[in-house]
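Q: need coordinates for the below:
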Amino acid sequence: MKYACGSKIKEMNELIKKEELLLKKAEEIRDNEDLKKEVLNHVKSTKRIFEKFKDSNVKAIEQHLRNAEGQRRFFEYVRKVIPFSEFRTTHLVTRQGYIQQKGVDAKFSTDLILLAQSNAFDVAILLTGDADLKESIKLIRERYGKLVFIVAYYSQIPEERKDNTISEDLLSECDYFINLCDLTESDIQQISDRKR
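A: Okay, here's the model as predicted:
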């Protein structure tokens with residue numbers, strides 16, 4: 001992931017240098033002021049696009065570093081508080097200046113099915129809303145008789161639907177749905193107090 005971001009920034013730096021060279025050459029146009037002005041405007045505009053794209057990649061890397069540090073601290077905290085916990089991670093990739101995890105759904109589905117098959121749990125409490133998990137949830141309920149509770153945010157108010165974190169398809173596959181939308185400030189405070 002670092003290599004992909006670094007190579008993209010290097011590529012942008014090379015393109016910006018080329019535009020700077022073109023700017024110098026355009027400055028040397030003497031016999032046609034209109035052409036000179038047109039070329040200079042075009043090259044400056046192109047250079048700004050490359051600089052903006054480079055900046056978005058740099059910001060993505062900085063954000064990733066902040067996120068990674070927060071995750072590391074969170075993982076350390078959970079390991080101390082919850083014995084025998086295990087964290088499973090996947091690779092990160094960059095796409096158009098954004099950092100994304102890849103393979104999460106496949107790993108999650110596989111683990112869920114294997115754990116159900118080995119009878120490692122009776123009730124799965126999943127903090128997800130991803131429709132890609134629908135088939136694996138259906139399988140563990142039907143074949144292995146496991147109960148599935150899903151915790152996510154779901155609002156039926158049209159203006160708030162963009163904030164929903166669960167697919168409507170997934171709602172029909174769980175045994176019980178805990179809607180974070182329904183929690184009051186008091187509920188959240190009580191959960192926090194119990195945790196302390």
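Q: helix or strand for the residue in the chain sticking out farthest from the centre, which one?
A: For the chain, the largest distance from the centre (Cα atoms, centre = their mean) belongs to D31, which lies 53.1 Å off. Of the helices and strands defined by DSSP states H and E, none includes D31.
Q: residue contacts, it?
A: The contact partners of D31, taken as Cβ atoms under 8 Å, 6 or more residues apart in numbering, number zero. C-beta coordinates here come from the backbone N, C-alpha and C atoms, glycine included.
Q: where's the most centrally placed residue in the chain, which helix or strand?
A: Closest to where the C-alpha atoms of the chain average out (Cα atoms, centre = their mean) is Q100, at 4.8 Å. Using DSSP H and E, the element containing Q100 is strand 98-101.
Q: tell me what the helix or strand following that strand is packed against?
A: Note on strand 98-101: by DSSP H and E, the next helix or strand toward the C-terminus is helix 104-117. Using 3 or more Cβ pairs under 8 Å, 6 or more residues apart in numbering; DSSP states H and E, the elements in contact with helix 104-117 are strand 123-126, helix 134-142.
Q: can you get me a residue count around E142?
A: For E142, the count of nearby residues is 9 (other Cβ atoms under 10 Å).
Q: from E76, how far out is it?
A: Relative to E76, E142 is positioned 38 Å away (Cβ to Cβ, to the nearest Å).
Q: which elements pack onto the lengthiest strand in the chain?
A: Counting by DSSP state E, the longest strand found in the chain is strand 147-152. Counting contacts by 3+ Cβ pairs under 8 Å, 6+ apart, strand 147-152 packs against strand 123-126, helix 134-142, strand 176-179.
Q: so what touches the next helix or strand after it?
A: The first helix or strand that comes after strand 147-152 along the chain, using DSSP H and E, is helix 168-171. Outside helix 168-171, the residues that touch it by Cβ under 8 Å, 6+ apart are T128, G129, D130, A131, L133, K134, I137, I150, Y154, F177.
Q: surely A124 touches F149?
A: Yes - in this structure, A124 is within contact of F149 by Cβ atoms under 8 Å, at 7.0 Å.
Q: those two: which is more packed in?
A: Just comparing A124 and F149: by other Cβ under 10 Å the higher neighbour count belongs to A124, 19 against 14.
Q: if we can go back for a sec, does the spatially closest residue to the residue nearest to the centre of the chain that is not a sequence neighbour sit in a helix, a strand or a coil?
A: What sits nearest to Q100 in space, not counting adjacent residues and going by Cβ to Cβ, 6 or more residues apart in numbering, is V93, at 5.8 Å. Three-state call for V93 (DSSP: H, G, I helix; E, B strand; the rest coil): strand.
Q: local confidence estimate at V93?
A: You'll see V93 listed with a pLDDT of 70.
Q: buried sites along the helix or strand containing N13?
A: Using DSSP H and E, the element containing N13 is helix 2-27. Along helix 2-27, these residues count as buried under the neighbour rule (16 or more other Cβ atoms under 10 Å): C5, K8, I9, M12, L15, I16, E19, L22, A26.
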